[in-house]
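> Structural data only, the sequence is not supplied:
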């Protein structure tokens, strides 16, 4: 498909386990963003990748969170030792080289029991 | 502290009437604003944007107004249709329309009744 693809769409895990969330951006988009939306909240910025530059990690809530983007395309967000407060919808977006209209995937709903 | 605020969590409007969604911001460094629409179980989709050098931008039934002195923007939908029922997010950026993270409000749920 032509849009941003995220997998899995739903993930249930036990507290303390590690999880990996995947994002496949729109082909040719140079920027990739991760956000999360907790219940009743707006989207909270997590991390931003731009081309080959060092990522902007300023939104990551703790060192349990990390992300990488391989080959300037697919990105993986990893949460180690998950906690119940990590339960949220994790959204990935990408944008082209010019402009800041971000195109979002459908998200991964993470539930930590 | 929230930099982008949408103070109305919900709004109900009759089909055919105008919907007005409001957004306030606190950071005067913001120079680009966007509205996104979100249906359940889907990601947000871009609706309309405005640069701080403008005070109005129009696209079909959707118009965004920006009042910089009041740090306020609004989205007008005329006429409202039942398919417009969704959560609307206001977002702001420091990057003048170039790439960079967006700061989102909490959203307003719009219900358009037939």
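Received it, and whenever you're ready, just let me know what you need. Being a predicted model, the structure only gives us computed values, none of them experimental.

> from here on, contacts and neighbour counts on C-alpha atoms
OK.

> most remote residue from chain A's center?
Note on chain A: the largest separation between a C-alpha and the mean C-alpha position, by Cα atoms, centre = their mean, falls on residue A:98 (21.1 Å).

> Hmm, it is touching residue B:99, no?
Yes - in terms of Cα atoms under 8 Å, residue A:98 counts as a neighbour of residue B:99; the distance is 7.1 Å.

> which phi and psi does residue B:21 have?
Backbone dihedrals for residue B:21, given as degrees, to the nearest 10, come out at phi -110, psi 130.

> So the residue farthest from the centre of chain A: helix, strand or coil?
Assigned by DSSP: H, G, I helix; E, B strand; the rest coil, the conformation of residue A:98 is coil.

> Tell me the spacing between it and residue B:100.
With distances defined as Cα to Cα, to the nearest Å, the gap from residue A:98 to residue B:100 amounts to 11 Å.

> At which residues are the strands of chain A located?
Secondary structure of chain A, counting by DSSP state E: strands at A:5-7, A:10-13, A:19-24, A:31-37, A:43-50, A:65-69, A:75-79, A:88-95, A:103-104, A:108-112.

> Quick one: name the residues of chain A near chain B.
Residues of chain A lying close to chain B by Cα under 8 Å from any Cα of the partner chain are A:31, A:33, A:40-45, A:48, A:91, A:95, A:97-107.

> at 7 Å instead, please
Listed as neighbours of chain B in chain A under the rule Cα under 7 Å from any Cα of the partner chain: A:41-43, A:45, A:48, A:98-101, A:103-107.

> who wins for neighbours among those residues?
Ranked by neighbour count under the definition other Cα atoms under 10 Å in any protein chain shown, those are headed by residue A:107 with 30 neighbours.
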